[in-house]
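**Q** no FASTA, just this:
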């Protein structure tokens with residue numbers, strides 16, 4: 001059945017054996033950003049999941065590309081009984097979920113997400129799920145949730161970021177996988193932002209507001 005939220009067509013599907021997913025067909029994409037080509041959002045949903053998986057953040061639900069009823073698109077695992085971030089008071093979110101929100105903020109800077117707001121992440125069982133990542137990796141200005149510029153970042157987040165830089169084989173594999181989904185320039189931009197963030201947090205355990213502006217300028 002169709003879900004009536006958002007500008008793009010979104011379809012709830014049930015799997016034959018178990019579970020459910022959210023299907024976003026290429027044909028149902030609206031023209032939403034000058035810097036993100038319409039008809040590529042579904043690929044970016046998959047790309048965001050791959051980046052998240054390789055970094056070990058665990059924010060993005062499993063996302064694949066599939067054909068459903070003859071239409072190609074992204075299928076993301078459905079998280080039942082989850083609340084939208086918008087349904088939870090911001091003060092409560094910042095108090096209880098600050099480490100996870102900081103991780104999502106860093107992640108969105110890396111993928112240049114231009115559409116993160118309180119309706120584009122879910123909360124269930126004390127865990128944050130970053131959904132709706134189709135407007136990422138493009139040339140538009142990023143739109144992140146929260147502002148952690150100047151704040152010390154969680155130690156486990158810093159560790160995950162630094163560890164990935166030394167995983168040369170994983171970096172090469174992720175590069176190849178992303179290159180199948182997006183233009184070479186956008187893949188290069190992602191890795192530039194990733195490496196810049198890695199060097200900065202390794203040195204001082206936070207990103208200054210000047211650092212954030214520099215990272216946001218690279219598309």
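**A** Yep, it's here. As the structure is a computational prediction, the values presented were derived from the model and not from experiment.

**Q** And the helix ranked longest in the chain, what does it pack against?
**A** Criterion DSSP state H: the longest helix present in the chain is helix 184-204. Counting contacts by 3 or more C-beta pairs under 8 Å, 6 or more residues apart in numbering; DSSP states H and E, helix 184-204 is packed against helix 98-111, helix 155-165, helix 168-179, helix 209-216. (Each C-beta comes from the backbone N, C-alpha and C, glycine too.)

**Q** Relative to the whole chain's centre, how far out is it?
**A** 15 Å (C-alpha atoms, centre = their mean, to the nearest Å).

**Q** for stretch 34-51, same thing?
**A** 10 Å.

**Q** and it, what's its mean pLDDT?
**A** In this model, stretch 34-51 carries a mean pLDDT of 97.

**Q** Would you indicate which residues of it are buried?
**A** By 16 or more other C-beta atoms under 10 Å, the buried positions in stretch 34-51 come out as 36-37, 40-51.

**Q** Adding distance to residue 200 and secondary structure as columns, could you present these in a markdown table?
**A** Formatted as a markdown table, those follow (distance: C-beta to C-beta, whole Å; DSSP: H, G, I helix; E, B strand; the rest coil):
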| residue | distance to residue 200 | secondary structure |
| --- | --- | --- |
| 36 | 26 | coil |
| 37 | 30 | coil |
| 40 | 29 | coil |
| 41 | 30 | helix |
| 42 | 32 | helix |
| 43 | 29 | helix |
| 44 | 25 | helix |
| 45 | 28 | helix |
| 46 | 28 | helix |
| 47 | 23 | helix |
| 48 | 22 | helix |
| 49 | 25 | helix |
| 50 | 23 | helix |
| 51 | 18 | helix |
